[in-house]
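Chemist: Following is a predicted model, sequence given first.
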Amino acid sequence: MFKLIKQATSFVAMLAVLFVFSTETMAAKKSKTLKNTQKKGFVRCGVSQGLPGFSNADASGNWTGVDVDVCRAVAAAVLGDANKVKFTPLSAKERFTALTSGEIDILSRNTTWTLSRDADIGLTFVGVNFYDGQGFMVRKNSGYSSVNDFKDGISACTNLGTTTELNMRDFFNSKGISYEPVTFEKADEVVAAYDAGRCDTYTTDKSGLAAQRIKLSSPDDHIVLPETISKEPLGPVVRQGDSVWEDIVRWSLNVMIEAEEYGVNSSNADSMKTSDNPAIKRLVGAEGELGAAFGLDNDWSLRIIKQVGNYGESYKRNIADTGILPDRGPNELWTKGGILYVPPAR
Amino acid sequence: MNFKLKNIAPQLITLLIVVLIFSFFTFNAQVNMENRGIEFGFGFLSQESSFDVQFSLIDYDGSHSYARAYLVGLLNTLLVAFIGIILSTILGVVVGIARLSPNYLIERAAAWYVEFFRNIPLLLQIFFWYFAALRALPLPQDTEPMLGVFFLTIKGLFVPRFVWENLDIFIYSVIAAIISITIIRIYAKKLQENQGKQLPVFYISAALFIFLPLLTFLIGGVSLDFSIPVLEQMSNTSFKYKGGLGIPPELIALTLALGLYTATFIAECVRAGIQGISKGQKEAAASIGLTPNQILKLVIMPQALRIIIPPTTNQYLNLTKNSSLAAAIAYPDLVLVFAGTALMQTGRAIEIVSITMLTYLSISLSISVLMNWYNKSIAIKEK
């Protein structure tokens, strides 16, 4: 009997010790993400389940897209190799939980930056890598040429758990039109349902409409209406509470945009080390000690530009050359009439 | 004393471990949420939801609260569970009895149905009914009405809607009919027990059930109108129905898939129940002169039900929980509306997921309680 009690007490004591230990280690220390990433040897990146131009896997599992390139840039900066990324495809519904629970370290999944998301649920948006807005796609032969043609009872297919659902309500309410929202969890199912004729219109970010149109059975029979009903600044997100990691992701993106501004690209980056312009020299790591601020070496930005390219290269490769949105619109540099404007890397 | 402690100790330790594990998870979640600046609380439930839902049994739009959105989802889940349970029970009983049919063709057909539908994953079946069957349906403008007033289209099934006048009087008459039927049944039973006379209870009941409500139309001022769906053009190729009642295709696909799938399991329960009654019972009943109908009703079924009910309860619970697959095809059930959209808009993952889990638990327990009560009422009452 005594033996039994003794065994039981020791077992409970062991559990208690385990309990204290694990909570101790789980209490996050500052800037732990960088250390963990370097220890693991890959960046854990959450992407979409397949949105051409932004994050899309080909038949052999290679991910491409402007959202993917943000994660690749971070991998190039902190690990030295843009390919050391583990991509986790997430639905709109899963994405924030995956990030806050620590399953991924960067969420780069065409996610709209809003106040409530930024402030309320333990997330921090680090920047904008695509300026977008919500639009509507309709059948060409429907006769709709503007959102002003919409009438009471129109059915609209869209994605679950997106800002789209909220914008749609704001829009139809302001027009005084009653509508039927049909919301699916996966983008592929939205496309399939719209294609089948379940809905009169398909609404999401305009870039998404352009990308998903390719998946329709006859893309040429559909048009995107000219109106944009909302602002959708899309950008990468990190967990709140690790400001160093936040800075690394923010500046990895900023470096890509600044590199385009100064004409530094993947093929001329090495030769730019001898440039006369100090801004360019800083960008390729030939001057200053910018990397030290994050605990990185000085070639971090050079690696991003060499391995991933500047923003313009990424846009051209993923969005323009694939025919999704050949015109850069607002996503052009501020020097060329767009609104891409990043703080200087110095 | 020693003996007692020996018995209690393992239970105490188990309890302690369970408590420790739970407090560990709670503590861990608290620490992590605090680190990430996430607050815990249910205040969000009274906030404006600002999203709309496609299909709702109660009045709802985005200006209502998240609590009301929860109610919308809950009612939609209950609706699917209710229709699904009725559909699967009727189909299951028919197929289960058909599997015992001496007719080779009927028996084989029932067996094939069971083997086919129960061996394909439910999610695939839902996708099949929604995407494959839906695609085959015509657009509203190409639809030929069935019986002149039913329209089955890719946008849903549109049926005439009842427009009542003095509906309350009609409902009272139905209640009155049910009460008088119950009284007559009790009287008929007494009559049979005391004098051995049999009343045609079924015909009397049917007559009462039809004539009493009908009477209210003649003298009670009740009138019934139909609002028939009418096709209306919105643009060159977009059409909708005005008037009538629209049943969304998502609901149809979901109940069909759930009903057909669960019916196979119920059919097997029914077959097992009937086969579990020994042949001697039937022969003994026949030997005292009962007709085949009476044998089934008075001898076989009361005993078979005792075998059928417990596993069938499981199937009802499965069906209810499986209805959460609705999110895949855009039917706005609890998971899609509350654990989906509401969770996304508020970011309150822990709160919303625990509410949703508790809700499913409550629904399942309620069904269990009801079925256990029914099971008890038909169990052998030993005297």
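Modeler: Alright, I've got the coordinates.
Chemist: Is B:Val163 located within a helix, as I assumed?
Modeler: No. Going by DSSP: H, G, I helix; E, B strand; the rest coil, the assignment for B:Val163 is strand, not a helix.
Chemist: hey, what's it bridged with?
Modeler: On DSSP bridges, the residues paired with B:Val163 through beta bridges are B:Asp225.
Chemist: which phi and psi does residue 41 have?
Modeler: You didn't say which chain, so I picked chain A. As for A:Gly41, its main-chain torsions (degrees, to the nearest 10) stand at phi 90, psi 10.
Chemist: Not counting residues beside it along the chain, what's closest to it?
Modeler: If the residues on either side of it in the chain are set aside, A:Gly41 comes closest to A:Lys84, at 6.2 Å by C-beta to C-beta, 6 or more residues apart in numbering or on different chains. Where C-beta positions appear, they are placed from N, C-alpha and C, glycine not excepted.
Chemist: Setting the sequence-adjacent residues aside, check what's closest to residue 261.
Modeler: Answering for chain A, as no chain was given. Excluding the flanking residues, the one nearest A:Glu261 by C-beta to C-beta, 6+ apart is A:Leu333, at 5.6 Å.
Chemist: try chain B instead
Modeler: Closest residue to B:Tyr261 in three dimensions, ignoring its sequence neighbours and counting by C-beta to C-beta, 6+ apart: B:Leu122, at 5.2 Å.
Chemist: ok, that neighbour to A:Asp242 distance?
Modeler: Taking C-beta to C-beta, to the nearest Å as the measure, B:Leu122 and A:Asp242 are separated by 41 Å.
Chemist: So if I had to pick from these two, which one is more boxed in?
Modeler: When B:Leu122 and A:Asp242 are compared for neighbours, A:Asp242 comes out ahead with 23 against 18, by other C-beta atoms under 10 Å in any protein chain shown.
Chemist: Next up, phi/psi of the residue nearest to B:Tyr261, please.
Modeler: According to degrees, to the nearest 10, the main-chain angles of B:Leu122 amount to phi -60, psi -40.
Chemist: mind listing what it touches?
Modeler: With contacts defined as C-beta atoms under 8 Å, 6 or more residues apart in numbering or on different chains, B:Leu122 is in contact with B:257-258, B:261, B:322, B:325.
Chemist: Now do the same for the residue in the stretch 101-250 of chain B positioned nearest to chain A: helix, strand or coil?
Modeler: When C-beta to the nearest C-beta is the measure, the stretch 101-250 of chain B has its nearest residue to chain A at B:Asn236, with 3.5 Å between them. The three-state label given to B:Asn236 by three-state DSSP is coil.
Chemist: Now, the contacts of B:Leu122 that are in strands?
Modeler: With strands identified by DSSP state E, none of the entries of these belong to them.
Chemist: Please flag which of those sit within helices.
Modeler: For these, membership in helices holds for B:257-258, B:261, B:322, with DSSP state H as the criterion.
Chemist: Strands of chain B, start to end?
Modeler: For chain B, the strands defined by DSSP E occupy B:151-153, B:156-159, B:161-165, B:223-227, B:230-233, B:239-242, B:245-247.
Chemist: Ok, the stretch 151-300 of chain A next?
Modeler: For the stretch 151-300 of chain A, applying DSSP state E, counting those that start in this stretch gives strands covering A:154-159, A:179-184, A:201-205, A:222-224, A:232-234, A:237-239.
Chemist: Get me the contact residues on the stretch 51-200 of chain B for chain A.
Modeler: Residues of the stretch 51-200 of chain B found near chain A, taking C-beta under 8 Å from any C-beta of the partner chain as the criterion, are B:51-54, B:62, B:131, B:134-135, B:139, B:154-155.
Chemist: same thing but 10 Å
Modeler: By the rule C-beta under 10 Å from any C-beta of the partner chain, the part of the stretch 51-200 of chain B lying against chain A is B:51-55, B:61-63, B:127, B:130-132, B:134-140, B:142, B:153-156.
Chemist: of those residues, buried ones?
Modeler: Neighbour counting with 16 or more other C-beta atoms under 10 Å in any protein chain shown marks B:51-55, B:61-62, B:127, B:130-131, B:134, B:137, B:140, B:153-156 as buried within those.
Chemist: ok so, going back, between the ones in helices among the contacts of B:Leu122, which sits nearest chain A?
Modeler: Looking at the ones in helices among the contacts of B:Leu122 and their distance to chain A, the nearest is B:Ala257, at 15.1 Å (C-beta to the nearest C-beta).
Chemist: B:Ile126 is in contact with that closest one, correct?
Modeler: Yes. Under the criterion of C-beta atoms under 10 Å, B:Ala257 makes contact with B:Ile126 at 4.3 Å.
Chemist: of those two, who's got more company?
Modeler: When neighbours are counted by other C-beta under 10 Å, B:Ala257 comes out ahead of the other of B:Ala257 and B:Ile126, with 27 against 23.
Chemist: that older thread, which one of the strands of the stretch 151-300 of chain A lies nearest to B:Arg185?
Modeler: Among the strands of the stretch 151-300 of chain A, strand A:179-184 comes nearest to B:Arg185, with 46.3 Å by C-beta to C-beta.
Chemist: which helices and strands does that closest one pack with?
Modeler: strand A:154-159, helix A:163-175, helix A:187-196, strand A:201-205, helix B:249-275 (3 or more C-beta pairs under 10 Å, 6 or more residues apart in numbering or on different chains; DSSP states H and E).
Chemist: Return the most buried member of those.
Modeler: strand A:201-205 (a mean of 28; mean count of other C-beta atoms under 10 Å in any protein chain shown).
Chemist: And the residue nearest in space to the middle of chain A, how far from chain B?
Modeler: By C-alpha atoms, centre = their mean, the mean C-alpha position of chain A lies nearest to A:Ser108, the distance being 2.4 Å. Computed with C-beta to the nearest C-beta, to the nearest Å, the distance linking A:Ser108 and chain B is 18 Å.
Chemist: if we can go back for a sec, save the strands of chain B as TSV, and put in distance to A:Lys281 and mean pLDDT too.
Modeler: Written out in TSV, the entries for the strands of chain B read as follows (distance: least, C-beta to C-beta, whole Å; pLDDT from 0 to 100):
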stretch	distance to A:Lys281	mean pLDDT
strand B:151-153	66	85
strand B:156-159	65	85
strand B:161-165	75	79
strand B:223-227	76	77
strand B:230-233	66	80
strand B:239-242	64	79
strand B:245-247	67	85
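Chemist: Out of those strands, which gets nearest to A:Asn173?
Modeler: strand B:239-242 (18.9 Å).
Chemist: Name every strand pairing with the closest one and say which way it goes.
Modeler: Paired strands of strand B:239-242, with direction, are strand B:230-233 (antiparallel) (DSSP bridges).
Chemist: which residues sit against the strand it pairs with?
Modeler: When contacts are taken as C-beta atoms under 10 Å, 6 or more residues apart in numbering or on different chains, the neighbours of strand B:230-233 outside the stretch itself are A:143, A:151-153, B:140-141, B:143, B:145, B:151, B:153, B:158, B:238-244.
Chemist: among those residues, which ones are buried?
Modeler: A:151, A:153, B:140, B:143, B:151, B:153, B:158, B:238-241, B:244.
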